[in-house]
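**Q** turn this into a model:
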Amino acid sequence: MKCGVRYLRGRKAYHLLFAVLLLIVACWDLGIFLVMIRNSDPGEVLLYQNVVTVPVLFFPGFAFHFTTSYLNQPRRKLTIAIYGYCAFALLLVLLSPASLARVASVAMSGATLQGLRLLQFR
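**A** Sure, this is the predicted structure:
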């Protein structure tokens with residue numbers, strides 16, 4: 001923890017927001033890569049789509065927050081509203097009947113979250 005605090009000393013808030021944006025894009029790219037590599041099993045493709053969807057839903061919120069922080073024009077209420085919109089979209093995606101059906105189809109195909117290793121390929 002001390003190492004992280006030392007590293008963050010002197011950093012602005014937008015440095016961390018930009019790092020989060022890069023992490024979201026990296027998750028998105030990893031999901032697309034896994035879909036392209038492992039497209040022979042439809043159950044896994046649906047699982048990778050869910051892995052990609054969750055971080056990408058927050059991309060607009062972090063992009064807006066980064067932009068307003070970098071330009072030193074904070075808009076607190078609007079930023080909170082955009083994050084709320086992203087969280088609402090996440091709830092819609094996770095609780096929608098289509099999403100629940102996808103999770104059930106993935107579980108029936110044998111590609112469970114516990115048995116799936118994202119970085120080990122057959």
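
**Q** phi, psi for Lys12 please.
**A** Dihedral pair for Lys12: phi -90, psi 170, per degrees, to the nearest 10.

**Q** name the nearest residue to it, ignoring sequence neighbours.
**A** Spatial nearest neighbour of Lys12, chain neighbours left out: Ser69 (7.4 Å); criterion: Cβ to Cβ, 6 or more residues apart in numbering. Glycine gets a C-beta too; all of them are placed from N, C-alpha and C.

**Q** mind listing what that neighbour touches?
**A** Lys12, Ala13, Tyr14, Leu17 (Cβ atoms under 8 Å, 6 or more residues apart in numbering).

**Q** residues contacting the second one?
**A** Contacts were defined as Cβ under 8 Å, 6+ apart; by that measure Ala13 touches Ser69.

**Q** pLDDT of the strand or helix carrying Thr68, averaged?
**A** Counting by DSSP states H and E, the element that carries Thr68 is helix 59-70. For helix 59-70, mean pLDDT is 90.

**Q** check stretch 27-38 too.
**A** Stretch 27-38 comes out at a mean pLDDT of 82.

**Q** tell me the buried residues in it?
**A** For stretch 27-38, burial by neighbour count (16 or more other Cβ atoms under 10 Å) applies to Cys27, Trp28, Leu30, Gly31, Leu34, Val35, Arg38.

**Q** distance of the last one from Val54?
**A** In this structure, Arg38 lies at 18 Å from Val54, with Cβ to Cβ, to the nearest Å as the measure.

**Q** nearest the middle, which residue of this protein would you pick?
**A** Pro55 (1.1 Å; Cα atoms, centre = their mean).
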